[in-house]
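Trainee: Got a predicted structure plus its sequence, pasted below:
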Amino acid sequence: MTELLIQGALSGLLIGGVYGLIALGLNLVFGTMRVINFAQGTLLMLAMFMAYWLHVLTGLHPYLSPLVTVPVLFGLGYAIQVMLITPLLAREKAREPMSVLLMTLGLAILLENLALMLFRADYKTVQVGETNAVWFLGDYIVSVSRFWALVALLATVTALWAFLHHTDLGRAIRAVGQDRQVARLLGINDRVIYNYAFGISTALMGIAAAALVPFYYTHPAVGTSFLLKAFVIVILGGLGSMPGAALGGLAVGAIEGVIGIWTQAAVAQILLFAVFVGMLFFRPAGLLGVERK
Amino acid sequence: MRIEERRIAIVLGLSVALLFALFPPAARALLSDHAYWIQIYIWILFFAMCATAWNIIGGFAGQYSFGHAAFLGIGAYTSTLLYLNLGISPWLGMIAGGIVAALAGAVISYPCFRLRGAFFSLATIAFAEMLRVGGELTDSVFGILINGARGLVIPPVGDNLSALQFRDKESYAYVIYGLLLLTLAVAFAVKHSRLGYYLAAIGDDEDAVKSLGTDTARVKLVALLVSAFFTALAGSFYAQSVLFITPTRTVSLDLSVQMVIMAVLGGLGSVFGPLLGAIILVPVGELTRAALGGSTIQGAHLIVYGALLMLVVRFVPRGIEGPVRQGCCRLVGLIAHALHGPAPLRPAAVNAPIMQLPEGRGALGLRAAAAGGAQPLSLSNVTLSFGGAVGVKQVTIEVRPGEVVGLIGPNGSGKTTIFNLVTGFLAPQSGSIHFAGRSIVGLPPHRINLLGIARTFQIVRPFISMTVTENVMVAALPRCATLSTARTEAQRCLAFVGLSHRLDTIADGLSTGERKRLELARSLATRPRLLLMDEVMGGLDQRSLPGMVELVRRIRLEGISLLIIEHNLKVITDVAERLVMLHLGEKIQDGPPIDVVSNPTVIDIYVGGTAALR
């Protein structure tokens, strides 16, 4: 039984890599703009369809799809921010921009159902070398494609961390997140920073999709379940904390994996939401987040 | 004109209600596929009812719940289980369902209402999803069969009023018509009661409402209970009209989101907005579904919903109810004009000069209230630090009854922190705060206000979507028996601060100086014994400054003790009887103004060493 549970935790941990990537995107936008992007899951879904169709039409391996999808998604995210969100932020600068929540919700509903109309509701899968390949780690089985998802998360979170701490643009993004007014006084154009943050956050979905497509089905509604998990992860790991998002993703994956072995996977869902509400209530800054006044 | 508009609105409303009442028989008489149209009619009214109920907490108070389908599910399951197991009529089961849903709302309100904005929304999603997944996994509770994800079927019994089942669609149509009317009536009553004023103000700025003496948690709870109750009634109706319920269909995120969309489209905070939203969205969704290939695409109507939501949020953020109502009134006006000739001209609004203060001392008559307690405000050894940073350290301040004390110090010296401590927005880590002979540490902001301490905020916080009078009414209501006495009281306070010419202006349109006066009027309406003013002179131009100084003097003449944060040393030495100087969270001076401002340390800290030499 113990071995089975460890196996479950291991498999869960590996898919947690994907959860972590989505949470990273959500966190980047929240960390800079204090805005929750309800369309994050839908953007992941778009990215997955891009990777899927690139593979089907050109034979491009999903792992190479970010070469195409990341720039395209960055542009899309940048455009969404400029056209849809900036006007709302300008209007509601005095209080929490709740209309952005509604705007991204509208966008999510629109895109998801457009995808449903265009791509239909069947489950699409991609078969590549990694899809069914496994490695053996002692007595345990490691799915190769899931392993690469974990690697993708670790590489991305490291790169993002380095970007945020060691480049001018990255520092500007952090500065705007910490204190928009002061950052403006220092000559940072906060609107442009927001555009970049949303662009990067969307581009990250290209990486998540590349990791996901080889072993997960692609479907118009795939975004919602990932989004709900990403909310849990972001609250668990700490709003605005990049390492928190990564670790939270792995933790949620592992918990799901263990509970999935032990009883039904749906029980894990209830438990995660319970943890989520508990965290919101007792420590809204998350395990690794910084308390803000 | 206002009365004219109201009359038009009543006539319009009654005609719409009548039209809706006549629709089912008219459809049967005139349309060959009347069953289809009556079904759409039922869906419109059903969604309108859900969205109207949602709006009571979501729109009126700006608490966007994304989990309201949970209440719908609770209603549907309660009435169905009572009927299936005990044979209780769904009419009674419906009420039971409403009560159970309200209880559930009370339980989740405790954790959820501590959260603000988007976090509240996320928590409501979490609760609804827990309920849905839990329901799908559970086959029976305490021996009562609920059948998990397979759901429950209500056996058809033909036409039976007490079982709330009918063979024809019209009967269902009339049931939902009645339920919707009831919900609209309740929403209307809430909107136009004191609860409605509090909810609207909470939607704009909850902290400000607390500081004016209202227990916002209780207000939101009451609104949530009402909202949950009526959503559950709609749920029972749903169960009876479909005769088959599952957790997946009733407690669905999609359903919750559709309630939100209809309310947003029609108008958050408007009584009839959600109805309008449903009247537009349900048929549009139906047409899209038909046009895009019927049942093969489940979400076709959602494409339109999503797009419309985005458009409304971007271009008509307050919803279409307002513009539509105005349009109708104008149209009726035009028709009336054509029939009866021109309407009499409205007298132009009188634009008073910048401000006129009423003559005479004690114009507000607060002296008696203010004199009620001869006890001072005293802070002793109060300390609070934020993480590593010192907020205030070992601060001891006393404000005696009737005294005017100025609180000065550079930015970050802890002045506003003192205000937040005294008004209950922060709690000290050590030290004590006493007012009117009792400790006020740990009391919530509204209780402290009710004891007689009012405040203004450094960055003014008017309720921007309400009129000037309504702003002040929110402050007066906790102490007034009726809305009309609160209105009179508000107008008196507004006259006192010189805003009588702005009574019906939406607060968002006020200038900075007017906003500061509005905030003072709001504070005064709480009949304070002690008023904390946070930089009421700040940001005023030279022309408005003397007027504000005069106003402060008059407030003082009302017998109210004042603790004033002010950077303008000339003004504060003029107004205050004593100055307290803070620096880096510590009190470094306390004495007569002239002594404090001529103290070398104070000058050094305030204007820098070199300036002191001049």
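Mentor: Arrived safely. Just so it is clear, the structure is predicted and the values come from calculations on it, not from any experiment.
Trainee: which helices and strands sit right next to the helix or strand of chain A with the lowest mean pLDDT?
Mentor: Of the helices and strands making up chain A, the lowest-confidence element is strand A:134-137, at a mean of 78, by mean pLDDT, DSSP states H and E. Contact analysis of strand A:134-137 by 3 or more CB pairs under 8 Å, 6 or more residues apart in numbering or on different chains; DSSP states H and E lists strand A:140-143, helix A:144-166 as its packing neighbours. C-beta coordinates here come from the backbone N, C-alpha and C atoms, glycine included.
Trainee: ok, 7 Å please
Mentor: Contact here means 3 or more CB pairs under 7 Å, 6 or more residues apart in numbering or on different chains; DSSP states H and E; on that basis strand A:134-137 packs against strand A:140-143.
Trainee: contact partners of the strand it packs on?
Mentor: Outside of strand A:140-143, the residues within contact range by CB atoms under 7 Å, 6 or more residues apart in numbering or on different chains are A:6-7, A:10-11, A:14, A:134-135, A:215.
Trainee: how far away is the nearest residue to residue A:221 once chain neighbours are set aside from residue A:54?
Mentor: Excluding its sequence neighbours, the residue lying closest to residue A:221 (CB to CB, 6 or more residues apart in numbering or on different chains) is residue A:112, at 6.5 Å. Distance, residue A:112 to residue A:54, by CB to CB, to the nearest Å: 20 Å.
Trainee: neighbour count winner among the two?
Mentor: In terms of neighbours (other CB atoms under 10 Å in any protein chain shown), residue A:112 is the more surrounded of residue A:112 and residue A:54; the figures are 24 against 21.
Trainee: How about the longest helix along chain A and chain B, touching?
Mentor: Of all the elements of type helix in chain A, the one with the most residues (DSSP state H) is helix A:2-33. No. Figure legend: helix A:2-33 not in contact with chain B (CB under 7 Å from any CB of the partner chain); closest approach 8.7 Å.
Trainee: what sits up against the least confident helix or strand of chain A?
Mentor: Strand A:134-137 is touched from outside by A:141-144, with contacts defined as CB under 7 Å, 6+ apart.
Trainee: show me what contacts the residue nearest to residue A:221?
Mentor: The neighbourhood of residue A:112, defined by CB under 7 Å, 6+ apart, consists of A:42, A:45, A:220-221, A:223.
Trainee: Pairing partners for the least confident helix or strand of chain A, with directions?
Mentor: In its sheet, strand A:134-137 lies beside strand A:140-143 (antiparallel), with partners assigned from DSSP bridges.
Trainee: for the strand it pairs with, what is the average pLDDT?
Mentor: Per-residue pLDDT values over strand A:140-143 give a mean of 80.
Trainee: Would you mind writing the CA trace of that strand as CSV?
Mentor: In CSV, the C-alpha atoms belonging to strand A:140-143 read as follows (Å, rounded to 0.1, in the frame of the first residue of the first chain):
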residue,chain,number,x,y,z
TYR,A,140,8.5,3.0,-9.3
ILE,A,141,7.3,4.0,-12.7
VAL,A,142,8.1,7.5,-14.0
SER,A,143,6.2,8.7,-17.1
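Trainee: quick one: buried residues of that strand?
Mentor: Within strand A:140-143, the residues that qualify as buried by neighbour count (16 or more other CB atoms under 10 Å in any protein chain shown) are A:142-143.
Trainee: Please apply the same query to stretch B:135-151.
Mentor: B:135-137, B:146-147, B:151.
Trainee: With stretch B:448-466 instead?
Mentor: B:448-458, B:460-466.
Trainee: Stretch B:388-407 now?
Mentor: Counting neighbours by 16+ other CB under 10 Å, stretch B:388-407 gives B:391-393, B:395, B:397, B:399, B:401-407 as buried.
Trainee: how far does it stretch from start to finish?
Mentor: Counting by CA to CA, to the nearest Å, you get 24 Å between the two ends of stretch B:388-407.
Trainee: ok now that stretch, how far from the chain's centre?
Mentor: Using CA atoms, centre = their mean, to the nearest Å, the distance from the centre of stretch B:388-407 to the centre of the chain it belongs to is 32 Å.
Trainee: can you check stretch B:226-246 too?
Mentor: Between the mean C-alpha point of stretch B:226-246 and the mean C-alpha point of its chain there is a distance of 26 Å (CA atoms, centre = their mean).
Trainee: re earlier: in helices, which of the contacts of residue A:112 fall?
Mentor: The members of the contacts of residue A:112 that map onto helices under DSSP H are A:42, A:45, A:223.
Trainee: okay, the first one: pLDDT?
Mentor: Think residue A:42. Per-residue confidence for residue A:42 comes out at a pLDDT of 94.
Trainee: farthest-separated two in the buried residues of stretch B:135-151?
Mentor: Farthest-apart pair in those is B:137 and B:151; separation 13.1 Å (CB to CB).
Trainee: May I have stretch B:251-266 as CSV, with CA atoms only?
Mentor: Presented in CSV, the C-alpha positions along stretch B:251-266 are these (Å, rounded to 0.1, in the frame of the first residue of the first chain):
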residue,chain,number,x,y,z
VAL,B,251,-25.0,23.5,-8.7
SER,B,252,-23.1,24.4,-11.9
LEU,B,253,-20.6,27.1,-12.3
ASP,B,254,-22.2,27.9,-15.6
LEU,B,255,-25.5,28.7,-13.9
SER,B,256,-23.8,30.9,-11.3
VAL,B,257,-22.0,32.7,-14.0
GLN,B,258,-25.2,33.2,-16.1
MET,B,259,-26.8,34.9,-13.1
VAL,B,260,-23.8,37.2,-12.8
ILE,B,261,-23.9,38.1,-16.5
MET,B,262,-27.6,38.9,-16.6
ALA,B,263,-27.3,41.1,-13.6
VAL,B,264,-24.3,42.9,-15.0
LEU,B,265,-25.9,43.4,-18.4
GLY,B,266,-29.1,44.8,-16.9
